[in-house]
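J.: sequence plus the predicted model coming up.
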Amino acid sequence: MPQETKTKFEPGSPASAPGADGKASPAGMNVLLGDDRSTFDALEKAFDFRGDVTLELRDGRSITGYLFDRKRGRGLPDSSVRLMLPDADGQKVTIGYQEIARVAFSDRDPAAGKSFETWVKKYVEKKMRGERASIESEPLE
């Protein structure tokens, strides 16, 4: 799903690191899930997050990966998320909302500071210093 179709994380949460859009990012947050509303809210933020999340399950297991899809039903029993697991050859797992006790966001938002506005600012700064500035994207880290 393209990033521009994802909702934005709203400021005012404990997270303080800016995301690619300049707003607060949930990076580093650790959310203990309670009622249905807080569970839906936290997992929606996890879906919008561009980094990995760790889901601590009620049975004691932990699963870390990139949350790339979610199915929101009428309640927790008919709602689920899908994660791509790192270093698992593209393996994907589906977890029901009712199985999740806690969501922990990785400390780093991989898209932080990589907005178009940030790119333009860096481009202009390089040009002003007389350095070579290219329209090509920077190499991946």
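T.: Structure's in. What do you need? Residues are numbered from 1 along each chain as shown.

J.: let me see the backbone angles for the residue lying closest to Val53 once chain neighbours are set aside.
T.: Counting by CB to CB, 6 or more residues apart in numbering, Val53 lies nearest to Ala46, which is 4.7 Å off, once chain neighbours are set aside. C-beta here means a position set from N, CA and C on the backbone, and glycine is covered the same way. Geometry field for Ala46 lists phi and psi as phi -60, psi -40, criterion degrees, to the nearest 10.

J.: separation between Ala46 and Ile63?
T.: 12 Å (CB to CB, to the nearest Å).

J.: quick one on the thing from earlier: spit out the contact partners of the residue nearest to Val53.
T.: Pro26, Val53, Leu67, Val81, Val103, Phe105 (CB atoms under 8 Å, 6 or more residues apart in numbering).

J.: ok, Ser80 next?
T.: Contact partners of Ser80, counting by CB under 8 Å, 6+ apart, are Arg70, Lys71, Thr94, Ile95, Gly96, Tyr97.

J.: so Gly73: helix, strand or coil?
T.: Following DSSP: H, G, I helix; E, B strand; the rest coil, the label given to Gly73 is coil.

J.: tell me, how many residues neighbour the residue nearest to it when sequence neighbours are not counted?
T.: Spatial nearest neighbour of Gly73, excluding adjacent residues (CB to CB, 6+ apart): Ser79 at 4.5 Å. When counting by other CB atoms under 10 Å, one arrives at 19 neighbours for Ser79.

J.: so Ser79 touches Phe47, yeah?
T.: No: judged on CB atoms under 8 Å, Ser79 makes no contact with Phe47 at a distance of 11.4 Å.

J.: how about the helices in this structure?
T.: 36-48, 116-128 (DSSP state H).

J.: out of those helices, which is the most enclosed?
T.: The highest mean neighbour count among the helices of the chain, using mean count of other CB atoms under 10 Å, belongs to helix 36-48: a mean of 18.
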